[in-house]
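[1] Sequence plus predicted model, see below.
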Number of protein chains: 2
Amino acid sequence: MSKLLIVGSIAFDAIETPFGKTDKILGGAAPFIGLAASTFNIPSAIVSVVGEDFPEEYLKMLQDRSIDTEAVEVVKGGKTFFWSGKYHNDLNSRDTLDTQLNVLADFNPIVPDHYKDAEIVMLGNLNPLVQLSVLEQMTVKPKLAILDTMNFWMEDMFIEDLRKVIAKVDVITINDEEARQLSGEYSLVKAARAIEKMGPNYVIIKKGEHGALLFHNEQIFFAPALPLEEVFDPTGAGDTFAGGFSGYLTKTNDISFENMKKAIIHASNLASFSVEKFGTERMQELEREEIKKRLQEFKELTQFEIELT
Amino acid sequence: MSKLLIVGSIAFDAIETPFGKTDKILGGAAPFIGLAASTFNIPSAIVSVVGEDFPEEYLKMLQDRSIDTEAVEVVKGGKTFFWSGKYHNDLNSRDTLDTQLNVLADFNPIVPDHYKDAEIVMLGNLNPLVQLSVLEQMTVKPKLAILDTMNFWMEDMFIEDLRKVIAKVDVITINDEEARQLSGEYSLVKAARAIEKMGPNYVIIKKGEHGALLFHNEQIFFAPALPLEEVFDPTGAGDTFAGGFSGYLTKTNDISFENMKKAIIHASNLASFSVEKFGTERMQELEREEIKKRLQEFKELTQFEIELT
C-alpha cells in the first residue's frame, strides 16, 4: 500500500469565534492533515516538532489512527508553537492576536528512513525551507508532492524560498487571495495558469465557503463547499482539505486528473465537518457513516443530467 | 406549447468598466431576460414601457427572436429609463452614477389578453407594485411565478409592497447580500429557509462569480459559475440568469425540482456569455453551437463519479 508523508506545524491554538473561545487546544497543520488523511485507513507519518509542554495524549490520539509520530521531535525544555486568533462576525476574516514560534523557529525536519520512499508527500503550511528540506531527503522521487502555503511566505523575506519549493512540487493548494497575490492576476483562471508556469502541474485554488477549483492545463474542475447552517470555527479547514486530498490519493494510488476530481470532493467533504466544532474536535469523533452520508449530499448538491441537443 | 410572460424594465445604459465605456446602449431587465429565454425558441411576451426616444430597431431585434413586444408601451413625448454606472476594478461592485426613471416612474403595466394564461411568469426586477399588478391581471393562475428583485426595494419605503409580491410567487431569485438583508440571517441556508417562510417554495440565491444555490425544503442544488478568463461587463448577468431559468422551464413545461436543477445550469451557462461583452451584445450574437459547447464545459466542471463504500 502507498504511504503518505506529512510535514507541518503542531501547535497550541487559542481561538475566539462569535460562538465562544478556547484555551490552548491542539492545532497546527499536521494534526488536521493527519486526522483527515487517517479517515482513509492509510499508513502515514508526521514530521514536526513540539516542546516539552506538549501532552503525550495528543500524540497517542494520532498514533491510535495509524499515524506514525516517531518523527515528531520533542525538544527538551522547549515550548510548543502557539497561535492565538479572533474571528470576525462573518467568520471570513480573522485577526492574529499572538504568535509564538517557540520550537518551530529552529525546526530541522528529519524524515524517517522508512518514509523516504513515500509515494505521496504532503507539505503542510510552514517555512518553505523546511518544506524544501523534506523534499531533498526523499531517496525515491515521490509520485506526487503537494504543497500548501499561505500569504505570510509571499513577503519579500521568504518569497525566493517559496518560489524554490513551488518549482519542485506537482500540486499547490492556495486560497484565492493568495493565488492573486502570487501571480499578480485577478482572474483565477489566469492566476492558475501563471502559477502552473512556476512549476506545479496542478493548481488548487481554495475559495472557502465558495468551494475549490482544480486546474490542470486547459481542464478545470470545481468542488463546492457544502452549504452549512452554521460554521463554528474555520481553523484548520484548509489543512483538513489538504489531508483529505492527499489521503484519498494515497489510498487509491492513482494521480490521474479524474481521480483528483474525486479527491477534492472527498477533501471538501471532510473540511465541511472540520468547521463544525473548535479545533480538531469534530475530526477526532468523525464516523465512517457520517462521511458517507455527507458524500451523498455532495452528489445531490452538484450532480445533474442534461441533454446536449 | 407553454408561453412565458416577462415583465421588466427597458433602459438605456451607459456603462464604464476597467475595459472601456459605452454611450447609451440597450439595457434593462426585460431585454436580457427575453434574449436569454429566446434561446429556447419559445413564445414569450414583454410587458414594459419606453419613451419616444427608443429606437424601433431594438424592438425589431427582439421581435426577430419571437418575443412579442406588443405590450411594450411607447409613451409619446416621454423619455426612456436611463441608468449609468461605473464598475470597480474587481467588477464585483459598482457605483451608480445616474438614474433617470423617466417613463418608468408612472408605468402602468397591461398584460396582453393572449398572455393572461401564460404558464410561466417572470417578474423581472422592478417596482413590486408593478410586479403585483401583472400577477393580478392573470386570468389563469400561472404554473410558476418567478420573482427577481434587489436591495433597492428592501428599503423602508418599498419593503411592504415587496413582501406582498414575495408572498404570491413560487420562486424568488435574489443575490447573497440581498438574501441576508431580507432575512436577517447570515448563513445562506438559514436565510433561504426564512425566505421560504415568506411565501416562495423555491429560493435561488445568486452568488455572482461563485455560482447559484437552489433551495427547496431540505433539498439544495448548486450551479457553479463558469470560471472565466475575463469578465467584461457584469450588467444584466442576473437578468440573463432569470431569462435562462424561466425560458428553460417554459420550454420543458416541467417545474419539478429535478428539472429546476437543469434550468439553473442552463441559466448559469447563458449568464457566462452575457458578461463577455457590453450590454446585450453577446446575447444578440449567441449561436446554438456555442451554448451547447459551453454546457459540455459545465458538465466537465462539476460532474464526478464517486463510490459510496
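    Yep, that arrived. Keep in mind that this is a model prediction, so the values were computed, not measured.

[2] and chain A, which residues reach chain B?
    A:89-90, A:186-190, A:207, A:210-211, A:213, A:219-222, A:224, A:227-231, A:261-262, A:265-266, A:292, A:295-296, A:298-306, A:308-309 (CB under 8 Å from any CB of the partner chain). Every residue, glycine included, has its C-beta placed from N, CA and C.

[3] Apply the buried test to these and list what passes.
    Neighbour-count burial (16 or more other CB atoms under 10 Å in any protein chain shown) applied to these gives A:187-190, A:207, A:210-211, A:213, A:220-222, A:224, A:227-228, A:231, A:261-262, A:265-266, A:295, A:298, A:301-302, A:304.

[4] Mind checking which of those residues land in helices?
    The members of those that map onto helices under DSSP state H are A:188-190, A:261-262, A:265-266, A:295, A:298, A:301-302.

[5] OK, now which residue of the stretch 101-250 of chain A is nearest to chain B?
    Per CB to the nearest CB, A:H210 is where the stretch 101-250 of chain A lies closest to chain B, at 4.1 Å.

[6] count of neighbours near A:K206?
    If you count neighbours by other CB atoms under 10 Å in any protein chain shown, A:K206 ends up with 25.

[7] Next up, the contacts around the residue nearest the centre of chain A.
    The structure's chain A has its C-alpha centroid closest to A:D239; by CA atoms, centre = their mean the separation is 2.6 Å. Under the criterion of CB atoms under 8 Å, 6 or more residues apart in numbering or on different chains, the neighbours of A:D239 are A:8, A:29-30, A:32-33, A:36, A:124-125, A:148.

[8] Spell out, range by range, the helices that occur in chain A.
    Counting by DSSP H, the helices of chain A are A:29-38, A:56-63, A:128-137, A:159-166, A:176-183, A:188-197, A:237-252, A:257-274, A:281-285, A:288-302.

[9] any idea which of those is most buried?
    Of all the helices of chain A, helix A:29-38 carries the top mean neighbour count, a mean of 29, counting by mean count of other CB atoms under 10 Å in any protein chain shown.

[10] Does it pack against any helices or strands, and if so which?
    On a contact count with 3 or more CB pairs under 8 Å, 6 or more residues apart in numbering or on different chains; DSSP states H and E, helix A:29-38 meets strand A:4-7, strand A:44-51, helix A:56-63, strand A:67-68, helix A:237-252, helix A:257-274, helix A:281-285.

[11] same thing but at 7 Å, please
    Under the contact definition 3 or more CB pairs under 7 Å, 6 or more residues apart in numbering or on different chains; DSSP states H and E, helix A:29-38 sits against strand A:4-7, strand A:44-51, helix A:237-252, helix A:281-285.

[12] could you dump the ones you listed to a markdown table with distance to A:L62 and mean pLDDT?
    As requested, the helices and strands packed on helix A:29-38 are exported to a markdown table (distance: least, CB to CB, whole Å; pLDDT from 0 to 100):
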| stretch | distance to A:L62 | mean pLDDT |
| --- | --- | --- |
| strand A:4-7 | 10 | 98 |
| strand A:44-51 | 7 | 98 |
| helix A:237-252 | 12 | 98 |
| helix A:281-285 | 10 | 97 |
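
[13] Let's have these in TSV, adding distance to A:I159.
    Listed next are those as TSV, based on distance: least, CB to CB, whole Å:
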stretch	distance to A:I159
strand A:4-7	20
strand A:44-51	24
helix A:237-252	20
helix A:281-285	32
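
[14] Of all those, which one comes closest to B:V74?
    Proximity to B:V74, assessed across these by CB to CB, is greatest for helix A:237-252 (55.5 Å).

[15] A:T17 contacts A:T235, doesn't it?
    No: in terms of CB atoms under 7 Å, A:T17 does not count as a neighbour of A:T235; the distance is 8.6 Å.

[16] Those two: who's more crowded?
    Neighbour totals were compared for A:T17 and A:T235, and A:T235 leads with 26 against 21 (other CB under 10 Å).

[17] Tell me if I'm right that that one and A:D13 touch.
    Yes: under the criterion of CB under 7 Å, A:T235 makes contact with A:D13 at 6.3 Å.

[18] any common contacting residues for the two?
    Common contacts of A:T235 and A:D13 (CB atoms under 7 Å, 6 or more residues apart in numbering or on different chains): A:27, A:279.

[19] who touches the residue nearest to A:I204 when sequence neighbours are not counted in this structure?
    Residue nearest to A:I204 in three dimensions, not counting chain neighbours: A:T173, with 4.3 Å by CB to CB, 6 or more residues apart in numbering or on different chains. Going by CB under 7 Å, 6+ apart, A:T173 touches A:146, A:148, A:204, A:206, A:242.

[20] Can you pick out the most distant pair from those residues?
    A:I146 and A:K206 (12.8 Å).

[21] give me the low-pLDDT residue ranges for the stretch 51-200 of chain A?
    Applying pLDDT under 70 to the stretch 51-200 of chain A flags no residue at all.

[22] quick revisit: how about the helices and strands packed on helix A:29-38, which one is nearest B:D117?
    Per CB to CB, nearest to B:D117 of the helices and strands packed on helix A:29-38: helix A:237-252, 50.8 Å.

[23] between the closest one and helix A:257-274, how big is the angle?
    Helix A:237-252 runs at 140 degrees relative to helix A:257-274, counting by axes from the mean of the first three to the mean of the last three CA atoms, to 10 degrees.

[24] Please state the offset of helix A:237-252 from the chain centre?
    Computed by CA atoms, centre = their mean, to the nearest Å, the chain-centroid distance of helix A:237-252 equals 7 Å.

[25] Could you write out the alpha-carbon coordinates of it in CSV?
    Output of helix A:237-252 as CSV, limited to C-alpha atoms (Å, rounded to 0.1, in the frame of the first residue of the first chain):
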residue,chain,number,x,y,z
ALA,A,237,-10.4,23.8,7.2
GLY,A,238,-7.6,24.3,4.6
ASP,A,239,-5.4,21.7,6.3
THR,A,240,-8.3,19.2,6.5
PHE,A,241,-8.9,19.8,2.8
ALA,A,242,-5.2,19.1,2.1
GLY,A,243,-5.3,15.9,4.3
GLY,A,244,-8.4,14.7,2.6
PHE,A,245,-6.9,15.3,-0.8
SER,A,246,-3.6,13.7,-0.1
GLY,A,247,-5.1,10.9,1.9
TYR,A,248,-7.5,9.9,-0.9
LEU,A,249,-4.7,9.9,-3.5
THR,A,250,-2.6,7.7,-1.2
LYS,A,251,-5.4,5.3,-0.6
THR,A,252,-6.2,4.9,-4.3
